[in-house]
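1. sequence plus the predicted model coming up.
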Amino acid sequence: MRRPGGLSTGRRRIVWATAAVLVVCGVLVWWLRPSPSPSPSGKITFATGVSTGVYERYGTLFKQRLARDLPRVDMTLQHSQGSVQNLARLASGQADFTITASDALATYRANGGKGASHIRACARLYDDYMQLVVPRDSPVDSAKDLKGLRVGVGEKRSGVALVTERLLKAAGLDMEHDVHPVRKGIDTMPKLLSEGKLDAFFWSGGLPTGAIERLAERTDIRLVQLGDLLPRLHEQRPDTRYYRAAVMAPDAYPTVQRGRSVKTVAIANILVTMDRTDPELTEGITRSVIKSRDQIGREVHAAQKVDLRTAIYTDPVPLHEGARRYYRSAKP
């Protein structure tokens, strides 16, 4: 039987049956589809560096970015003396992620540091540049001229102290006997120099380092080249193979360099964690580091050097599985 202008009873039944089948299929697809992985959550600690250094500023900006990218992860920043202490805290479980210079990491592994074989990388970040700062009228023109002077060499457990000792050795000086070592960080050394309590200080950091920029505003200073030390530095291999020749461009510190470039030594920084760290969390952290380059780079110029194409080169440690997942899925 068929109503005027309508479907026959048989055709209506076919339509209803088809609709019912479609509804059932839709429910099954929804029910059987893979559930999305939950966003990583929990509390983590990120060890940075001294309060006015680049590590500390980078960590502060990264924490702000991570709050957007992984809102269920609560990151606490932890100040430290630098690379050497950062590795000890990571291995002991006091920190979950940290930044360290590649030379400090290699030395920690070579010395059989606690948990060294379990350290894994998330990304190669930016390079630190060794900077030897002296008053403008100082007679110091090379590291060998530091003999007998009061020299800021970095805090005891910092990467600065590690490199400084090797640079002085390359210059024919013993850090303990040929200079008067002052074991302070970048939060203290500029003030001591401006007050005449230091003759020079070494610093290893990204360019430009804010503390040195601020020092230049109140004290007439200059940078001493360190490029002549590289051949003798490499004679101390294998520990020194992570140092490369570098040039600080004139615009790194325009008022200090006055149009001149300065030859020096550079060391790569690496973001690291432990192999026990959750892969989902590590993948999310790695993604956020790479994606935040431009945002963080507006305030920390060194971060502009973070690059997806070079981030995977994390010698002397392998990538964490979670980081490897991210790089496999990412496109340059």
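-> Received the coordinates, thanks.

2. please enumerate the strands of the stretch 151-300 of the chain.
-> Using DSSP state E, counting those that start in this stretch, the strands found in the stretch 151-300 of the chain span residues 180-182, 200-205, 221-224, 244-248, 262-274.

3. contact partners for the residue lying closest to S288 once chain neighbours are set aside?
-> Ranked by Cβ to Cβ, 6 or more residues apart in numbering and with sequence neighbours excluded, the top spatial neighbour of S288 is D69, at 4.2 Å. The way it works is simple: take the backbone N, C-alpha and C, and place the C-beta from them, glycine included. Neighbouring residues of D69 by Cβ atoms under 8 Å, 6 or more residues apart in numbering: 284, 287-288, 291-292.

4. ok, which of the strands of the stretch 151-300 of the chain comes nearest T164?
-> strand 200-205 (4.4 Å; Cβ to Cβ).

5. and the angle from that closest one to strand 262-274?
-> Relative orientation of strand 200-205 and strand 262-274, computed by axes from the mean of the first three to the mean of the last three Cα atoms, to 10 degrees: 50 degrees.

6. strands paired with strand 200-205, and their directions?
-> strand 119-135 (antiparallel), strand 150-152 (parallel) (DSSP bridges).

7. got a list of contacts for it?
-> Residues contacting strand 200-205 (Cβ under 8 Å, 6+ apart): 53-54, 101, 128-134, 138, 140, 146, 149-154, 159-160, 163-164, 167, 182, 184, 186, 189-190, 192-193, 209, 211-212, 224, 267, 302.

8. check contacts around P139.
-> P139 touches D145, counting by Cβ under 8 Å, 6+ apart.

9. swap in A88?
-> A88 touches 113-114, 157, counting by Cβ under 8 Å, 6+ apart.

10. how about the helices in the stretch 201-332 of the chain?
-> 210-218, 230-234, 254-257, 279-291, 293-297, 321-329 (DSSP state H, counting those that start in this stretch).

11. cool, and the stretch 1-150 of the chain?
-> 9-32, 54-69, 83-92, 102-110.

12. of the ones you listed, which shows the lowest average pLDDT?
-> Within those, the stretch with the lowest mean pLDDT is helix 9-32, showing a mean of 50.

13. returning to what we had before: so which of the strands paired with strand 200-205 comes closest to F46?
-> strand 119-135 (11.3 Å).

14. quick one: that closest one to helix 321-329, angle?
-> Here strand 119-135 points in a direction 90 degrees away from that of helix 321-329 (the same axes, to 10 degrees).

15. how far off centre is strand 119-135?
-> Taking Cα atoms, centre = their mean, to the nearest Å, one finds strand 119-135 lying 8 Å from the centre of the chain it belongs to.

16. could you export it as CSV, CA atoms only?
-> Extracted C-alpha coordinates of strand 119-135, given in CSV (Å, rounded to 0.1, in the frame of the first residue of the first chain):
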residue,chain,number,x,y,z
ILE,A,119,71.7,9.5,30.8
ARG,A,120,69.8,10.2,27.6
ALA,A,121,69.4,13.3,25.4
CYS,A,122,66.4,15.2,24.3
ALA,A,123,68.0,17.8,22.0
ARG,A,124,71.2,19.6,21.2
LEU,A,125,70.4,23.2,22.0
TYR,A,126,72.7,26.1,21.4
ASP,A,127,76.5,26.7,21.9
ASP,A,128,78.2,28.3,24.8
TYR,A,129,81.0,30.7,24.0
MET,A,130,84.0,31.1,26.3
GLN,A,131,84.4,34.7,27.3
LEU,A,132,87.4,36.2,29.1
VAL,A,133,86.4,39.7,30.4
VAL,A,134,88.9,42.3,31.6
PRO,A,135,88.8,46.1,32.3
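
17. could you measure from the residue lying closest to V182 once chain neighbours are set aside over to V179?
-> Excluding the flanking residues, the one nearest V182 by Cβ to Cβ, 6+ apart is G152, at 4.9 Å. Taking Cβ to Cβ, to the nearest Å as the measure, G152 falls 10 Å from V179.

18. between these two, who's got more neighbours?
-> Ranked by neighbour count (other Cβ atoms under 10 Å), G152 and V179 place G152 first, with 28 against 22.

19. any idea of the pLDDT on the more buried one?
-> For G152, pLDDT reads 98.

20. that's all I had, so thanks and see you.
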